Every structure is written in structure tokens, then in C-alpha cells.
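Asker: The sequence and its predicted three-dimensional model are supplied below.
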Amino acid sequence: GENVEQHPSTLSVQEGDSAVIKCTYSDSASNYFPWYKQELGKGPQLIIDIRSNVGEKKDQRIAVTLNKTAKHFSLHITETQPEDSAVYFCAGPNSGGSNYKLTFGKGTLLTVNP
Amino acid sequence: KAGVTQTPRYLIKTRGQQVTLSCSPISGHRSVSWYQQTPGQGLQFLFEYFSETQRNKGNFPGRFSGRQFSNSRSEMNVSTLELGDSALYLCASSVGQGGETQYFGPGTRLLVL
């Protein structure tokens, strides 16, 4: 099945700095890669997603880049704020091609220090 | 639109019992997926239902089952509970055809004693 590895597991930055989280995947047929943010006591919230026909996507302070050749994708958060502190998960579709069956990375605990 | 709702939010059961969790998707969404989240294993896919049919299945034992009703609401059932079933159970809904983006509910926290 699909294997998604996520690094780093923890990341601490100063407010205003940038944060980058990287994920690699194993199934070259994967074509959909969402990112989720999970705050304590809540369910994961979709923050951005990208499809394999696009190399980069931006939404205000958040961007995702995809390198299909190397099979990795990254989340970039610029001008971080304390409210960005949360656990972030990347995901990819499970092998077999179903985008409704996601395999998640282990998560990155991001701490933004004021 | 209202988001995905899950009931109950918290549940305490003992080993050997069974439990049923409920999920109401976003209005108009026909696909419902279930995930188990634990500190050790992270987020793991259980199964996905679309139009009352199980369309995808994860690698969980047969004690874990689900169903979907004609109004797209879904339930999952765990029989003969084990201590290791203690987890946050998350439900996610998506349009189902032509739209696979999944939106998660707040989850049901299950504790098995």
C-alpha cells in the first residue's frame, strides 16, 4: 500500500519566521495530496490540497509544492503566528488509486513562539 | 452549511461490549469515511461508504463494521471491544463523485476499560 513519511515530527519557530514540513510518498500513481491542521480536541481541518497536474499552490500564507519525480511534497507557512501552532498532517491516496482512502503521515507538531 | 457532526463525543465502555458511533455528513455529501486515530498508529483508514455501499476498506478486523443510510448518515460499530480500541474515531465526508476533498468531524473519543 501507499507509504507516507513526514518530517520533522516536531518543529519550533519564532513568530514571523517560516515553517516547512516535508512528506514523501511511495506510490507513483498517487495524484492527490491534502494537508490537514489539527488543534487540540478537534478533528483535522483541511488547509490546502494539491493535485499532481500542478507543481505549486498558494493560499495566503500557506503554500504546497509537489515534486512528482522525487515523490515528495512540502507545506510552507510564511509569517507564522501563534495560532498556527497545531499538529499538521500530510496525506496521499492509498494504493489502488482511490482518493477516498487516505494514508496519513505521522504528523508534525508545530509550535510558534511569540 | 453545517459541518460534519459526530455523536456521541465521548464514550466509556468495558472490554467485550460493543459500541455504535454515528456520523452526519455535510449536506449534499454522499461519501463518508471513517478513521481511527491513536498516539501510536496515527490516523488509519477504516472504511468508506458511498450511496449506502462500502466502496473502500482498510486493514481492520471484522469486529469493525459500518453502514450508510439513504440520507448519507453513517454508523460504525465495533463489537467485542478490546483495550486497544481506545482511540479517537473520526468521520469525514466528501461529495463522493468528482470531489474527493474530505472534511472531518470533531470525532468520538472512545475509552475501553
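Answerer: Received it, and whenever you're ready, just let me know what you need.

Asker: How about the helix or strand bottoming out on mean pLDDT in chain A and chain B, any contact?
Answerer: Lowest by mean pLDDT, DSSP states H and E among the helices and strands of chain A is strand A:102-104, with a mean of 91. Yes - counting by CB under 8 Å from any CB of the partner chain, chain B has neighbours in strand A:102-104: A:Leu102, A:Thr103, A:Phe104. Any C-beta I mention is one placed from the backbone N, CA and C, and that applies to glycine too.

Asker: Packing partners of that strand?
Answerer: Counting contacts by 3 or more CB pairs under 8 Å, 6 or more residues apart in numbering or on different chains; DSSP states H and E, strand A:102-104 packs against strand A:86-93, strand B:31-38, strand B:42-50.

Asker: in the chain, which spans are strands?
Answerer: I'll assume chain A. A:4-7, A:10-14, A:19-25, A:32-38, A:45-51, A:56-59, A:62-67, A:72-77, A:86-93, A:102-104, A:108-113 (DSSP state E).

Asker: wrong one, chain B
Answerer: B:5-7, B:10-13, B:19-24, B:31-38, B:42-50, B:53-57, B:64-68, B:74-78, B:87-94, B:103-104, B:108-112.

Asker: residue contacts, the residue nearest to the spatial centre of chain B?
Answerer: Computing the C-alpha centroid of chain B and ranking residues by CA atoms, centre = their mean puts B:Trp34 first, at 3.3 Å. B:Trp34 makes contact with B:Cys23, B:Phe45, B:Leu46, B:Phe47, B:Glu48, B:Gly66, B:Ser74, B:Met76, B:Tyr89, B:Leu90, B:Cys91, B:Ala92, according to CB atoms under 8 Å, 6 or more residues apart in numbering or on different chains.

Asker: Which residues of chain B lie near chain A?
Answerer: B:4, B:31, B:33, B:35, B:42-45, B:48, B:50, B:55-56, B:58, B:90, B:94, B:96, B:100-107.

Asker: Show the buried residues in those.
Answerer: B:4, B:31, B:33, B:35, B:42-45, B:48, B:50, B:55-56, B:58, B:90, B:94, B:96, B:100, B:102-107 (16 or more other CB atoms under 10 Å in any protein chain shown).

Asker: about what we covered before: list just the one of the helices and strands packed on strand A:102-104 that sits closest to B:Ile12.
Answerer: strand B:31-38 (16.5 Å; CB to CB).

Asker: how big is the angle separating the closest one from strand B:19-24?
Answerer: 130 degrees (axes from the mean of the first three to the mean of the last three CA atoms, to 10 degrees).

Asker: Check residue 9 and give its pLDDT.
Answerer: Picking chain A for this. As predicted, A:Ser9 sits at a pLDDT of 97.

Asker: I was after chain B.
Answerer: 97.

Asker: Next, count neighbours for it.
Answerer: 12 (other CB atoms under 10 Å in any protein chain shown).

Asker: doesn't B:Leu110 make contact with it?
Answerer: No - at 10.4 Å, B:Arg9 does not count as touching B:Leu110 under the criterion of CB atoms under 8 Å.

Asker: What sits closest to B:Met76 if chain neighbours are left out?
Answerer: B:Gly66 (4.2 Å; CB to CB, 6 or more residues apart in numbering or on different chains).

Asker: got a list of what that neighbour touches?
Answerer: B:Trp34, B:Leu46, B:Phe47, B:Tyr49, B:Gln54, B:Ser74, B:Glu75, B:Met76, B:Asn77.
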